[in-house]
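Colleague: let's see this in three dimensions:
(2 chains)
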There are 2 protein chains.
Amino acid sequence: MKRSEIIKIDRENIWHPFTQMKDYENSEHVVITRGKGVKLFDIDNNYYYDTVSSWWTNVFGHGNKHISHNIRSQLNSLEHVIFAGITHPYAAKLVDLMNRFLPSELSKYFFSDNGSTSVEVALKMAFQYWQNLGKTSKTKFIFFENSYHGDTIGAVSVGGIDLYHKLYKPLMFNSHQVKSPICRQCIFRKNRFTLNGDTGCNCECIDEVERLIEDRSEEIAAVIIEPMIQCAAGMNIYNGIFLKKLRDLCTQNDIILIFDEVATGFGRTGKMFAFEHVGIIPDILCLSKGITGGFLPLALTVTTKTIYDAFYDDYFSYKTFFHGHSYTANPIACSAAVGCLENFIKKPIEKYKSGMEKLKDAAIMMSEFDFVSDVRNIGFIAAFDIINPYSGKPFPAKERVGLKIYHESLKNNLILRPLGDTIYWMLPVNIRKIDIEQIYNKTVKSIKNVIEGYSWLRS
Amino acid sequence: MKRSEIIKIDRENIWHPFTQMKDYENSEHVVITRGKGVKLFDIDNNYYYDTVSSWWTNVFGHGNKHISHNIRSQLNSLEHVIFAGITHPYAAKLVDLMNRFLPSELSKYFFSDNGSTSVEVALKMAFQYWQNLGKTSKTKFIFFENSYHGDTIGAVSVGGIDLYHKLYKPLMFNSHQVKSPICRQCIFRKNRFTLNGDTGCNCECIDEVERLIEDRSEEIAAVIIEPMIQCAAGMNIYNGIFLKKLRDLCTQNDIILIFDEVATGFGRTGKMFAFEHVGIIPDILCLSKGITGGFLPLALTVTTKTIYDAFYDDYFSYKTFFHGHSYTANPIACSAAVGCLENFIKKPIEKYKSGMEKLKDAAIMMSEFDFVSDVRNIGFIAAFDIINPYSGKPFPAKERVGLKIYHESLKNNLILRPLGDTIYWMLPVNIRKIDIEQIYNKTVKSIKNVIEGYSWLRS
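Modeller: Numbers count the residues shown, from 1 in each chain, chains lettered A, B, ... in the order given. I've put the predicted structure just below:
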C-alpha cells in the first residue's frame, strides 16, 4: 500500500487508543513499516529510536531473531487449541521456564491475553477466594492514587488517574483509594528523590494505608500496587521499604497482596521482576507486555497454592473460577514467551549492566539542565519532568509542552511518548551504549528546540 | 517434552480456564501437539475431531496455510509497534478489507485483544457517548437473560448466566436484565423452535424490553445482545424478527444498540455476520474469535461516525476515549486477520453451502433419537439437548450427563464441549461432508454409550 492510501484509511476508519483524534487534524500518524533493534522505520525509510519500547512491551529490540524463529517453528505444529480439558507442551514449556525465574511460592499460572485481563483475573480471584472461604464480608480493594492497572471496568475501578478513570465512576465498584509513596514530593521531607538513592526515610507515608488496613481488615479482600514504580503515573519510582511494610501489613491482617508487574516485569527495572528489589513475594502477580518480548499479546496471573486450593473442590460446591478467554495459552504466543525466557536464560538480566549504567549516566547528565526537574531512574527506565527554566515551575497544562516535545522528537528520529510533561525512556535490555548516547542527544535537542520557543518567558 | 513431564507440569502449575480442577483429579487433560484441518492430534498421535472449533475461534481448520504464510511474512518486517501516534499498513490493510464486508455505516474501528475487551470498549464507548453529549442521565445498560459477553467486570455486569456471574454481584454495575427470546420454550407457544423454520410468530416476547425501553429511555445508554444466537446460553437460536423490533425500539428511543458478534462473526451462522440475516445494522459491533481464523487474539469494536464524532473535539474538552491496550492492532495478529479475510474473498461464505446443508441433515437425523430434544441449527452451528429417553425429561443436573458424554467422546476421537446437557457442534466453514458424517456417527456413539449406562432407568 502507498503512503497516501494508508493515511486515507487511517483518517477515515481508525480510532487510535488513548488518542484525541482531533490532535491529528493538522498532522498525520507516522506510518511505521518495519523495526530492527531499538529502531523503527517509516514507509519512507526514515528511522526513529523507539525510546518507549512500543508501550513498554519490547524487551530485546524489534525483530528479535530467536523469538521470530520460535514463532515460525510453532506454526509448523499447532496455532491454537481450546485450553479447557486440554493442555499442550507449549504452555507447559513456558510454565516450566517461568518456574526458574519465580519463587516456588508462586506456583499456579492462570493465562489470559493482556494486562487488563491479568488484573481482572487477579481481582476476581482475590474476591472469590474470600467468598469461597466463607469470609463474605471481605469484598473491597485498596488501590493507590495515580495508579494504573488497565482499562476494563474492573481494572478501571482500581485506577487512580482521574483523567482516565473518573468519568466512568457510575460503572465502577467502590474501592478505597490511598495516597501513593511519591518520594520526589515527599510530604515528610525525608526522602526527596535523588539519584544517589536513600536519604534515610523509613516510609512514614505508609501511615494512611496502615490505618485503613487495621481499621477495616474485615472488609478488605486485597491491595493492588505496581511495585517499585507507578508507570502511567509519570514513572513514579518509590522506596522499596514501602512494599516491605505493605507485605507485613497484608500478612498480619489477612489481606491478599497483588503486584501488577505488567509494565515492570521481564527485566525492565534491572531485575527480572520488580519485587526482587525488596525480597518479598506477593500473593498474586500480574504479568503481560514484556512476557513475549514485545511480539504478541499474552498474560499470566500467577498465584499461590493457598489461593488455588480455595477453589479446588467438588463441582457442586460452586467454587470453580469461571473465567476464561478463547485464546487462553495460545500456542503461538506461548512460543514467543518461551523465546523471551530462553533469551534471559542465555544471558541473564544481571549481565546487561552496561546499558543500565549508561542510562544512569544519561539521567545524571539530564539533571543538569535548568528545564529539567526530578530526574529518576531504575534499571532500563529513566524519567524527568520538564519545567519552565525561567521560573523553575511547571508549565501551565494548557501549553501541552510534552505534546510539543513529542512532535519535535519525530523530526529528530525519536519516538518519545511524554506523560503530561514527564519525559521518559524505557529501553530494551540489550540496547547498545552508542544508541543511548544518540537517544540522549536527540532528546536534549528536541526539548531545547521546544523550550527555545518559550524564550519570551525570560523577560 | 515427554507426555509425563507435560502432565506433571500441568498438574502442578496450570490453572485451566472455566475448569473445576478437581474434576481432573482422576483423569488427565488431553495433551494436544498439532492440528490439521478439523482434526487435532495428541502427543501419542491419536486424532480428535475439533467439533467446537477450539472455543469457536477456528474458521478454516487448523494450520490454514494462507494464514500461516501471512504470519511468516509479517515476521520479516514488523512484529509490533505502539499504535498511538503511529499507524501501520498492516492495520490499514485489515480495515480496508473489513470495509468490504461491513456496511458503510460501520466505519470506525477500535482495536483490542479479545472478546471481553471488545465488549468493554463498546460499553465504555456507549456510556461516554451520552456523557460527551451532555445527556448525563443515560448511564444504564439492558442485557438479556442467559447472555454471555465475557469475563472482565464490565462484561460480567451485562452477563445473564448466574453460574458464571452471580457471585461477582458486589463488583458489578447495576444493569437491567430482561427475558431473552427462547423460541424452543416459547411462552406464547407461537414459535416453538422447529428445524423447518418460522411458525408464524411475531416475537411477542419483545414486550418486556419494549416496556422497559419506553418507560426508562432517559436512563438507558445502550442495549447489548448476541444477534440470532446466544451461544454460551446453550446455543439459543432465536427469531430474527426480535432483532428488527429491537433495532426500531432503540432508534425511536435514542438508545445505542450493541451487537456482540464475537462468537457469531466470520461465517459461523452462514453469513459473514449474524446481523446480515435480518438486514439491520447495530450502532456498535464487537468482533473477535474468528477474526484471525483462530490463530491469534485480536478484537475490533466497530462503530458509526455519529458515535466517533461525539469524542472528536479539542483536547481540553475532555472528550477523549482514554482506552487502550499495549498490543492494540498488533501487526502479527493483523496479518492473520488479513489472511482470514483474504480466504473469504477468494471463496465467499455463500459458496460453503454444502457443509451447511450436510450439517442440517445431520441435525435432522439427530432429532429422531429419543434421548435428544430441541434440535436447532444455523449455518455451521447445530445443537440439541440430551434428555432421559425413558421419561422424556432432562436428567438431574447432579448426573452431569454432558460431562460424561465429553469424557466418552474423547474415547471416540471427538472433542465435544457440552454446555450443561446441551451438545453442540460449531464447525469450520470448509469442513468436508465426510468429516461431518464421522462427527455425527461418533457423537451418536458417544451419547449412546453414556445413555446405555442409564438403562436401569427404564424400569
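Colleague: would you confirm that residue A:333 contacts residue B:296?
Modeller: Yes - contact between residue A:333 and residue B:296 holds when scored by CB atoms under 8 Å: they sit 7.2 Å apart. Just so you know, the C-beta spots here come from the backbone N, C-alpha and C atoms, and that holds for glycine as well.
Colleague: was I right about residue A:264 contacting residue A:232?
Modeller: No - using CB under 8 Å, residue A:264 is not in contact with residue A:232, being 11.9 Å away.
Colleague: phi, psi of the residue in the stretch 201-350 of chain A positioned nearest to chain B?
Modeller: Going by CB to the nearest CB, chain B is nearest to residue A:324 of the stretch 201-350 of chain A, at 2.7 Å. The phi/psi pair for residue A:324 (degrees, to the nearest 10) reads phi -180, psi 150.
Colleague: need the pLDDT of the residue lying closest to residue A:112 once chain neighbours are set aside.
Modeller: Excluding the flanking residues, the one nearest residue A:112 by CB to CB, 6 or more residues apart in numbering or on different chains is residue A:299, at 4.6 Å. According to the predicted model, the pLDDT of residue A:299 comes to 98.
Colleague: show the contacting residues for residue A:299.
Modeller: Each residue near residue A:299 by CB atoms under 8 Å, 6 or more residues apart in numbering or on different chains is listed here: A:111-115, A:117-118, A:121, A:262, A:286-288, A:291.
Colleague: hmm, 7 Å instead?
Modeller: A:112, A:113, A:114, A:115, A:117, A:118, A:287, A:288 (CB atoms under 7 Å, 6 or more residues apart in numbering or on different chains).
Colleague: these two touch, right, residue A:443 and residue A:413?
Modeller: No - using CB atoms under 7 Å, residue A:443 makes no contact with residue A:413, being 10.8 Å away.
Colleague: now name the helix or strand holding the residue lying closest to residue A:257 once chain neighbours are set aside.
Modeller: With sequence-adjacent residues excluded and distances taken as CB to CB, 6+ apart, residue A:257 is closest to residue A:250, at 4.2 Å. Per DSSP states H and E: residue A:250 is located in helix A:241-252.
Colleague: quick one: mean pLDDT for the helix or strand following that helix?
Modeller: Once the chain leaves helix A:241-252, the next helix or strand it forms, by DSSP H and E, is strand A:256-260. Averaging pLDDT along strand A:256-260 gives 98.
Colleague: repeat for stretch A:21-37
Modeller: Here stretch A:21-37 scores 95 as its mean pLDDT.
Colleague: and what of stretch A:132-146?
Modeller: With pLDDT averaged residue by residue, stretch A:132-146 scores 98.
Colleague: once you drop chain neighbours, what's closest to residue A:347?
Modeller: In space, and not counting its chain neighbours, residue A:347 is closest to residue A:430: 7.9 Å by CB to CB, 6+ apart.
Colleague: near chain B, which residues of the stretch 301-450 of chain A are found?
Modeller: Proximity of the stretch 301-450 of chain A to chain B, by CB under 7 Å from any CB of the partner chain, involves residues A:308, A:312-316, A:320, A:322-328, A:330, A:332, A:398, A:406, A:417.
Colleague: at 8 Å instead, please
Modeller: With CB under 8 Å from any CB of the partner chain as the criterion, the stretch 301-450 of chain A meets chain B at residues A:303, A:308, A:311-316, A:318-330, A:332-333, A:398, A:400, A:406, A:415, A:417.
Colleague: repeat that for the stretch 101-250 of chain A.
Modeller: Taking CB under 8 Å from any CB, the part of the stretch 101-250 of chain A that reaches chain B is made up of A:107-111, A:113-117, A:120, A:123-124, A:127-128, A:131, A:139, A:150-155, A:157, A:163-164, A:167-168, A:170-173.
Colleague: among these, name the ones in helices.
Modeller: Assigned to helices by DSSP state H, the following of these qualify: A:115-117, A:120, A:123-124, A:127-128, A:131, A:153-155, A:157, A:163-164.
Colleague: any idea which of those residues is the one closest to residue A:82?
Modeller: Comparing these against residue A:82 with CB to CB places residue A:117 closest, at 17.1 Å.
Colleague: what is the burial count for the closest one?
Modeller: Residue A:117 has 34 neighbours, counted by other CB atoms under 10 Å in any protein chain shown.
Colleague: wouldn't it be in contact with residue B:117 here?
Modeller: Yes - with contacts counted by CB under 8 Å, residue A:117 reaches residue B:117, the gap being 7.3 Å.
Colleague: residues that sit against both of those two, list them.
Modeller: A:152, B:152.
Colleague: can you list the domain ranges for chain A.
Modeller: Following automatic domain parsing, one gets these domains for chain A: A:31-63+A:350-458, A:68-346.
Colleague: what's the closest non-adjacent residue to residue A:314?
Modeller: Once flanking residues are discounted, residue A:314 sits nearest to residue B:22: 6.4 Å by CB to CB, 6+ apart.
Colleague: same question for residue A:240.
Modeller: With CB to CB, 6+ apart, the residue lying closest to residue A:240 is residue A:278, at 3.9 Å.
Colleague: what count of nearby residues applies to that neighbour?
Modeller: 18.
Colleague: that one contacts residue A:239, correct?
Modeller: No - using CB under 8 Å, residue A:278 makes no contact with residue A:239, being 9.4 Å away.
Colleague: which of the helices or strands spans residue A:446?
Modeller: Counting by DSSP H and E, the element that carries residue A:446 is helix A:433-452.
Colleague: and what of residue A:340?
Modeller: helix A:331-346.
Colleague: kindly export that helix (C-alpha atoms) in PDB.
Modeller: Only the C-alpha atoms of helix A:331-346 are listed here, as PDB (Å, rounded to 0.1, in the frame of the first residue of the first chain):
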ATOM      1  CA  PRO A 331       0.500 -21.700  21.500                       C
ATOM      2  CA  ILE A 332       2.000 -19.100  19.200                       C
ATOM      3  CA  ALA A 333       2.100 -16.500  22.000                       C
ATOM      4  CA  CYS A 334       3.500 -19.200  24.300                       C
ATOM      5  CA  SER A 335       6.300 -19.900  21.800                       C
ATOM      6  CA  ALA A 336       7.200 -16.200  21.700                       C
ATOM      7  CA  ALA A 337       7.200 -16.100  25.500                       C
ATOM      8  CA  VAL A 338       9.400 -19.200  25.600                       C
ATOM      9  CA  GLY A 339      11.800 -17.400  23.200                       C
ATOM     10  CA  CYS A 340      11.900 -14.400  25.600                       C
ATOM     11  CA  LEU A 341      12.700 -16.500  28.600                       C
ATOM     12  CA  GLU A 342      15.300 -18.500  26.700                       C
ATOM     13  CA  ASN A 343      17.000 -15.200  25.800                       C
ATOM     14  CA  PHE A 344      17.100 -14.400  29.500                       C
ATOM     15  CA  ILE A 345      18.500 -17.900  30.300                       C
ATOM     16  CA  LYS A 346      21.200 -17.500  27.700                       C
END
